[in-house]
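A.B. asks: The amino acid sequence is not available; the structure is as follows:
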């Protein structure tokens with residue numbers, strides 16, 4: 001039986017979709033975050049991984065009858081190239097198996113509370129290289145917190161004069177985003193009052209109090225038609241950047257720190273994290289917003 005390049009491409013594409021199913025990866029990231037905060041047990045985490053692997057295996061096995069049928073239909077035409085194609089496919093499967101083993105070791109290390117980089121996993125070719133991709137880590141965490149939705153709120157700020165330009169929209173969007181962030185963290189769309197959601201997210205106590213105050217101002221504006229007071233506008237501006245700082249600190253910096261094992265790696269990792277964060281955010285907001293916002297200094301302070 002000969003293998004067909006198109007058949008191999010189709011099978012590899014289907015297998016990749018099963019292995020790297022985005023919903024499963026997102027669920028896994030959320031569970032890992034909850035495990036790190038002791039909100040679920042190691043046993044629950046292991047059970048999730050086992051369940052995902054079982055489903056993954058079943059789905060991959062279901063692909064092979066289709067693949068074999070496809071090969072049989074093309075069996076009479078590509079005899080000469082079969083050995084080469086089969087060898088290539090076996091090599092790719094071997095590489096994928098190595099990758100899965102590496103992922104499995106990472107997850108197992110985290111479940112055991114000891115996530116480290118094994119020196120035999122990666123060969124360092126230069127003093128200024130790291131055994132993991134800071135850019136991948138930073139970008140993934142920015143997507144977890146949906147950073148784009150927060151950066152859109154720059155449209156409601158007068159950064160040059162350090163004040164709110166559209167207080168009503170900013171207030172609605174700010175509190176709304178807190179609710180959406182809660183849903184991503186706790187994997188559920190629920191009808192909890194926003195005050196409860198704020199408390200469950202474990203913000204620093206002063207930030208929590210200020211968010212609850214702003215939610216009260218929001219309710220007054222939406223339900224009672226009251227004007228947003230000047231004090232609330234000042235608080236809104238301040239809270240917006242404090243929330244951004246919390247999200248970047250809690251998600252991005254903690255993930256980077258979790259992979260650093262020595263001062264040399266820290267120096268390199270922090271430099272790259274600064275550059276990735278600055279480049280990503282600067283592309284999402286106007287030049288004026290970037291230059292007059294607190295974010296450039298915040299990023300430098302976060303990754304000195």
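C.D. replies: Arrived safely. The shown structure was predicted, so the numbers you read here are calculated from the model rather than taken from an experiment.
A.B. asks: Just give me the neighbour total for the residue nearest to residue 19 when sequence neighbours are not counted.
C.D. replies: In this structure, residue 19 finds its nearest non-sequential neighbour in residue 56, 6.4 Å apart by CB to CB, 6 or more residues apart in numbering. Just so you know, the C-beta spots here come from the backbone N, C-alpha and C atoms, and that holds for glycine as well. Neighbours of residue 56 under the rule other CB atoms under 10 Å: 16.
A.B. asks: how near is residue 56 to residue 256?
C.D. replies: Distance of residue 56 to residue 256, given as CB to CB, to the nearest Å: 28 Å.
A.B. asks: One more: residue 215?
C.D. replies: Residue 215 is 31 Å from residue 256, by CB to CB.
A.B. asks: What residues sit buried inside the helix or strand encompassing residue 182?
C.D. replies: Assessed by DSSP states H and E, residue 182 sits inside helix 167-186. Under the neighbour-count criterion of 16 or more other CB atoms under 10 Å, helix 167-186 has 167, 170-171, 173-175, 177-179, 181-182, 185-186 buried.
A.B. asks: is it true that residue 245 lies in a strand?
C.D. replies: No: counting by DSSP: H, G, I helix; E, B strand; the rest coil, residue 245 is not part of a strand but helix.
A.B. asks: which non-adjacent residue is nearest residue 149?
C.D. replies: Nearest to residue 149 is residue 177, by CB to CB, 6+ apart, at 5.8 Å.
A.B. asks: so what's residue 271 closest to, chain neighbours aside?
C.D. replies: Leaving aside its chain neighbours, residue 271 sits nearest to residue 303 (7.5 Å; criterion: CB to CB, 6+ apart).
A.B. asks: How confident was the prediction at that neighbour?
C.D. replies: Looking at residue 303, its pLDDT is 93.
A.B. asks: Residue 165 too?
C.D. replies: 82.
A.B. asks: Give me the distance between it and residue 152.
C.D. replies: 14 Å.
A.B. asks: Which residues lie in contact with residue 284 in this structure?
C.D. replies: Taking CB atoms under 8 Å, 6 or more residues apart in numbering, we find residue 284 in contact with 147-148, 151.
A.B. asks: so what's the backbone phi/psi at it?
C.D. replies: phi -90, psi -20 (degrees, to the nearest 10).
A.B. asks: where does it land on pLDDT?
C.D. replies: Looking at residue 284, the pLDDT reads 90.
A.B. asks: for residue 92, same thing?
C.D. replies: pLDDT, residue 92: 51.
A.B. asks: what does residue 145 give?
C.D. replies: 92.
A.B. asks: check contacts around it.
C.D. replies: Residue 145 sits in contact with 181, 184, 247-248, 251, where contact means CB under 8 Å, 6+ apart.
A.B. asks: Between which two of those residues is the distance greatest?
C.D. replies: Greatest spatial distance among those (CB to CB): 184 and 248, at 15.5 Å.
A.B. asks: what does the helix holding residue 182 rub up against?
C.D. replies: Here helix 167-186 has contacts from 30, 33-34, 144-146, 149-150, 152-153, 156-157, 164, 189-190, 192, 194, 197-198, 200-201, 211, 214-215, 217-218, 221-222, 228, 232-233, 236, 239-240, 243, 247, using CB under 8 Å, 6+ apart.
A.B. asks: Using PyMOL, define a selection of the buried residues within those residues.
C.D. replies: Of the contacts of helix 167-186, the buried ones go into a single PyMOL selection, burial set by 16+ other CB under 10 Å:
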select buried, resi 33+34+144+145+150+153+156+157+164+194+197+198+201+211+214+215+217+218+221+228+232+233+236+239+240+243+247
